[in-house]
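*Asks:* Could you look at this predicted model? Sequence included:
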Amino acid sequence: MQTYMRSTLISTAALALLGSTAMAADLPSYEPAPAAPAAPVSAPGYNWTGGYVGLQGGYGWSNVDSAYSYVTTPAAGSLDFDADGWILGLGAGYDYQWNWAVVGIHGDVSWLDVDGNGSNGVVTNGQEADWMATMTARVGAGMDRFMPYLLGGVAYVDYQNTNSYPAGGLAAKDDDGDFGWTLGGGLEVAVTDNVSISGEYRHYWLDDKRITYGDGSTATFDSDMDTFTVGVNWRFGGPAGGVMGY
């Protein structure tokens, strides 16, 4: 009897073990969800903060309004003429960027060959610009590697004005330089972390100049000048990186 009960218990336990194993095999398996991919990290924008030096070259043109009044051999009138020619110069400056705004200071010295003359058959007037220097402040918008900007400041232009009146035996020149103002704008593009190129337009307002003869005769010159230049700069502080901000 005991042997029969022992066999029955062993059989029951074996059947229960087999049943639980089969039920476990039939249950669905669960695997952990895959981790979400990391969000892409965008590269930081170009930082315009830093100093630079560069070369620029281009074209200049000027409209000269001149007038004359002679005493000994009476004659008076006006004579307008144009002057134009090339520009080649050196520049340096420093920019500081805060958020998108870029402020800076820029100075340059340029050699000029901007000259011209005019004649009305009575009088011949001329002008020749030799060199100029400017100091300007500029404000721009840093849009990654592109920066449109406006600038303004003071300018000194060294040029000669000439007047010739053969009928009166008069001829003279005024070779003193002249201070004035300049305003303009341009676009600078960073082609690498340390090299940028630019295109820039400026207008110059210059003071009137006068030639005065011993007899009281005069010749006056009222000049404005425009320039367009392209430049290449070597920048010391502008690799991609964080931009100062709030």
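*Replies:* Cool, got the structure.
*Asks:* most residues in a single strand of the chain, which one?
*Replies:* strand 75-98 (DSSP state E).
*Asks:* now that one: how far from the chain's centre is it?
*Replies:* Strand 75-98 has its C-alpha centroid displaced from the chain centroid by 17 Å (Cα atoms, centre = their mean, to the nearest Å).
*Asks:* In it, which residues are buried?
*Replies:* 75, 79, 81, 83-84, 87, 89, 91, 93, 95, 97 (16 or more other Cβ atoms under 10 Å). For the C-beta atoms, the positions are set from N, CA and C on the backbone; glycine is no exception.
*Asks:* tell me how far the ends of stretch 92-107 are from each other?
*Replies:* End-to-end distance of stretch 92-107 (Cα to Cα, to the nearest Å): 6 Å.
*Asks:* And that stretch, how far out from the chain middle?
*Replies:* On Cα atoms, centre = their mean, the centre of stretch 92-107 falls 10 Å from that of its chain.
*Asks:* which one of the buried residues of strand 75-98 is nearest residue 69?
*Replies:* residue 75 (7.8 Å; Cβ to Cβ).
*Asks:* which residue is nearest the centroid of the chain?
*Replies:* Central residue of the chain (Cα atoms, centre = their mean): residue 188, 3.8 Å from the mean position.
*Asks:* Pull the contacting residues for it.
*Replies:* 140, 146-147, 149, 196-198, 233 (Cβ atoms under 8 Å, 6 or more residues apart in numbering).
*Asks:* swap in residue 110?
*Replies:* Per Cβ under 8 Å, 6+ apart, neighbours of residue 110: 56, 87-90, 131-133.
*Asks:* which residue sits closest to it, ignoring its sequence neighbours?
*Replies:* residue 89 (3.0 Å; Cβ to Cβ, 6 or more residues apart in numbering).
*Asks:* The one you found against residue 56, yeah?
*Replies:* Yes: the pair residue 89 / residue 56 is scored as a contact, 5.3 Å apart, by Cβ atoms under 8 Å.
*Asks:* shared neighbours of those two, which are they?
*Replies:* 108, 110, 229.
*Asks:* Tell me how far the first one lies from residue 130.
*Replies:* Computed as Cβ to Cβ, to the nearest Å, the residue 108 to residue 130 distance reads 15 Å.
*Asks:* Give me the more crowded residue out of those two.
*Replies:* Counted by other Cβ atoms under 10 Å, residue 108 and residue 130 do not tie: residue 108 has more neighbours, with 20 against 15.
*Asks:* Show the pLDDT at that one.
*Replies:* On pLDDT, residue 108 comes in at 98.
*Asks:* Please name the bridge partners of the closest residue to it other than its chain neighbours.
*Replies:* In this structure, residue 108 finds its nearest non-sequential neighbour in residue 91, 3.6 Å apart by Cβ to Cβ, 6+ apart. Using DSSP bridges, the beta-bridge partners of residue 91 come out as residue 54, residue 108.
*Asks:* Surely residue 91 and residue 57 touch.
*Replies:* No: counting by Cβ under 8 Å, residue 91 sits too far from residue 57 to count as a contact (11.0 Å).
*Asks:* Could you list the low-confidence segments of the chain?
*Replies:* Per-residue confidence for the chain (pLDDT under 70) gives these ranges: 1-44, 238-246.
*Asks:* how about the helices in it?
*Replies:* 2-26 (DSSP state H).
*Asks:* Let me see the ranges of the strands in it.
*Replies:* Under DSSP E, the chain gives strands at 50-70, 75-98, 101-119, 124-141, 146-165, 170-174, 178-190, 195-206, 209-212, 218-235.
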